[in-house]
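Chemist: any chance you can model this:
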Amino acid sequence: MLPNLAEAADENLVTHATWVQRQTAGMAVIEESGLVLADSGLACDTFNLICHTRLDRDTAPAQIHRAIHYFANANRPFSWWTGPADQPADLGDLLLAAGLVRAETELAMAADLAQLAEVDLSPQGLRIERVRTLAQLHDFANLVAALWTPPDTNVVRFYELAAPLLLSAESPLWFYVGYLDAVPVGTVELTVGGGVVGLYSVSTVATYRRRGFGSALTVWPLLDARTAGYTTAILQAAAAGVGIYKRVGFEVFGEITEYKPPL
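Modeler: Okay, the predicted model is just below:
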């Protein structure tokens, strides 16, 4: 695996978070003052975020204030993601002091694609398809939106706006949907960036869990990436997914923490 996974993972997150926003009307990406800010123009902190923070300790509080003010002035929610490569070392404390709250902490994990465990890729007849059509992208968007209660319509809107880019051959964001018969039951996104591939939006509909679908959805795009010549994968693992990821070959290399404005 790569010697500096933390940097590679950060670069991958930047691609995941900004590739659409850089090229879509009404969206914006700001890269200056030691951080990356992505603004989807939608009221959805899934697509409004700050990451890749590299601040000097002396000026960090003022720069943090300006970044927070950007979204406050736009009246849009956002998340600030921090990882092992971020600076200064006490960034989390500075974000708390600036009024944000710690929303969740996940494990940063990586896998050598040459060492993936073998798993059943079609348990119970599951069919995993790479998204190539608008209908498939719509299935992906609706499943991801349904992770919120009620479903987040801004998630669906984002993918509608981004569809021409995401369905292009140049897109570094690869999407997959798992179908059982004709029913979409799971999703995964693979992002190419930073010299690695990153998995995001790995999900299975609640009523279809514990059938091996999560493992299949995790490994299938990684096999595509391996065939394309990539050697290392990274992801952020919530507690519920850690066991699956370890079984297929991922190992922990750090923590990722999300900060948000208080409700």
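
Chemist: only C-alpha atoms for contact and neighbour calcs from this point on.
Modeler: OK.

Chemist: which phi and psi does the residue of the chain most remote from its centre have?
Modeler: For the chain, the residue at maximal distance from the C-alpha centroid (Cα atoms, centre = their mean) is Asp58, at 30.3 Å. The phi/psi pair for Asp58 (degrees, to the nearest 10) reads phi -70, psi -40.

Chemist: number of residues surrounding Phe71?
Modeler: Neighbourhood size, Phe71 [other Cα atoms under 10 Å]: 18.

Chemist: that should have said Thr149, apologies.
Modeler: 7.

Chemist: could you do Tyr245 as well?
Modeler: 21.

Chemist: what kind of secondary structure is it in?
Modeler: With DSSP: H, G, I helix; E, B strand; the rest coil as the basis, Tyr245 sits in helix.

Chemist: repeat for Ser201
Modeler: Strictly by three-state DSSP, Ser201 counts as strand.

Chemist: nearest spatial neighbour of it, skipping sequence neighbours?
Modeler: Val188 (5.1 Å; Cα to Cα, 6 or more residues apart in numbering).

Chemist: the one you found belongs to a strand?
Modeler: Yes - the assignment for Val188 is a strand, going by three-state DSSP.

Chemist: got the contact list for the residue nearest the centre of the chain?
Modeler: Taking Cα atoms, centre = their mean, the centroid of the chain lies closest to Tyr200, which sits 4.0 Å from it. Shown in contact with Tyr200 (Cα atoms under 8 Å, 6 or more residues apart in numbering): Val188, Glu189, Leu190, Thr191, Leu235, Gln236.

Chemist: the last one touches Leu107, doesn't it?
Modeler: Yes - with contacts counted by Cα atoms under 8 Å, Gln236 reaches Leu107, the gap being 5.6 Å.

Chemist: more crowded one of those two?
Modeler: The neighbour comparison of Gln236 against Leu107 (other Cα under 10 Å) goes to Gln236, with 24 against 20.

Chemist: could you look up the SS state of the more buried one?
Modeler: Three-state call for Gln236 (three-state DSSP): strand.

Chemist: can you pull out the strands in the stretch 101-250 of the chain?
Modeler: 101-112, 127-130, 173-180, 183-193, 196-204, 232-237 (DSSP state E, counting those that start in this stretch).

Chemist: below-threshold pLDDT in the stretch 1-150 of the chain: ranges please.
Modeler: 1-3 (pLDDT under 70).

Chemist: surely His52 is in contact with Thr15?
Modeler: No - using Cα under 8 Å, His52 is not in contact with Thr15; the gap is 10.8 Å.

Chemist: more crowded one of those two?
Modeler: Remark: of His52 and Thr15, His52 carries more neighbours, 24 against 20, as counted by other Cα under 10 Å.

Chemist: who's Tyr259 bridged to?
Modeler: Assessed by DSSP bridges, Tyr259 has beta-bridge partners Trp80, Arg102.

Chemist: look at it and say how many residues are nearby.
Modeler: When neighbours are counted by other Cα under 10 Å, Tyr259 comes out with 22.

Chemist: repeat that for Ala97.
Modeler: 11.

Chemist: check Pro262 too.
Modeler: Pro262 has 9 neighbouring residues, counting by other Cα under 10 Å.

Chemist: likewise for Ser122?
Modeler: So Ser122, with other Cα under 10 Å, has 17 neighbours.

Chemist: repeat for Glu32
Modeler: Neighbours of Glu32 (other Cα under 10 Å): 10.

Chemist: ok, Leu96 - contacts?
Modeler: Leu96 is in contact with Arg102, counting by Cα under 8 Å, 6+ apart.

Chemist: go on, the one 4 residues further on?
Modeler: Each residue near Leu100 by Cα under 8 Å, 6+ apart is listed here: Tyr259, Lys260, Pro261, Pro262.

Chemist: can you add pLDDT and distance to Arg247 and give those back as CSV?
Modeler: What follows is those, written out as CSV (pLDDT from 0 to 100; distance: Cα to Cα, whole Å):
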residue, pLDDT, distance to Arg247
Tyr259, 99, 29
Lys260, 98, 31
Pro261, 98, 35
Pro262, 95, 36
